[in-house]
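# Fold the following and give me the result.
(one chain, ligands or ions: 2)
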Amino acid sequence: MDTTVAEEYGQESDTIEHNWEQYSSETNVIEAGSHEFTYWKNFIQRTRTCNLSYEIKTVVYYCDIHDHTRSETFIEEEHHSEDHS
Ligand SMILES: [Zn+2]
Ligand SMILES: [Zn+2]
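Numbering: from 1, shown residues only. Ligands and ions are numbered 1, 2, ... in the order given. All right, here's what the predicted structure looks like:
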């Protein structure tokens, strides 16, 4: 009987709902490497290198019930240094 009570008590905190509220958010740009692409100019095919970067948004949430935080990251935009499709 005693062990059953102890197990139920240990799981109690999981049943309380979180109160996540946005605490802060920041946007960063990270380099994601480069790649080559070809294009035509004056009937000649040329190759150029394009640098790829991502705009990453990190949002931090805070729960005042349990006094802890969690964060989520999103890719906002993908930037190519060269204009190509
Ligand atoms: Zn919580
Ligand atoms: Zn590109």
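# Average pLDDT for the longest strand belonging to the chain, rounded please.
The longest strand of the chain (DSSP state E) is strand 20-41. Averaged across strand 20-41, pLDDT comes to 96.
# Show me what the residue nearest the centre of the chain is bridged to.
Among the residues of the chain, the one closest to the centroid is Thr73, at 2.0 Å (CA atoms, centre = their mean). Counting by DSSP bridges, Thr73 forms beta bridges with Thr58.
# coming back round to it: mind listing residues that contact the longest strand of the chain?
Contacts to strand 20-41, defined as CB atoms under 8 Å, 6 or more residues apart in numbering, come from residues 45-64, 69-70, 76, 79, 82, 84. No exception for glycine: its C-beta is placed from N, CA and C like everyone else's.
# interface residues of this structure facing ligand 2?
Selection of the chain residues close to ligand 2 by CB under 5 Å from the ion yields 50, 80.
# can you do 8 Å?
35, 37, 50-52, 80-82, 84 (CB under 8 Å from the ion).
# now, which of those lie within strands?
Those of the residues of the chain next to ligand 2 lying in strands (DSSP E): 35, 37, 50-52, 80.
# Dump those into a markdown table; add distance to His18 and neighbour count as well.
Converted to a markdown table, those look like this (distance: CB to CB, whole Å; neighbours: other CB atoms under 10 Å):
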| residue | distance to His18 | neighbour count |
| --- | --- | --- |
| His35 | 41 | 11 |
| Phe37 | 46 | 13 |
| Cys50 | 42 | 15 |
| Asn51 | 40 | 13 |
| Leu52 | 36 | 14 |
| His80 | 39 | 14 |
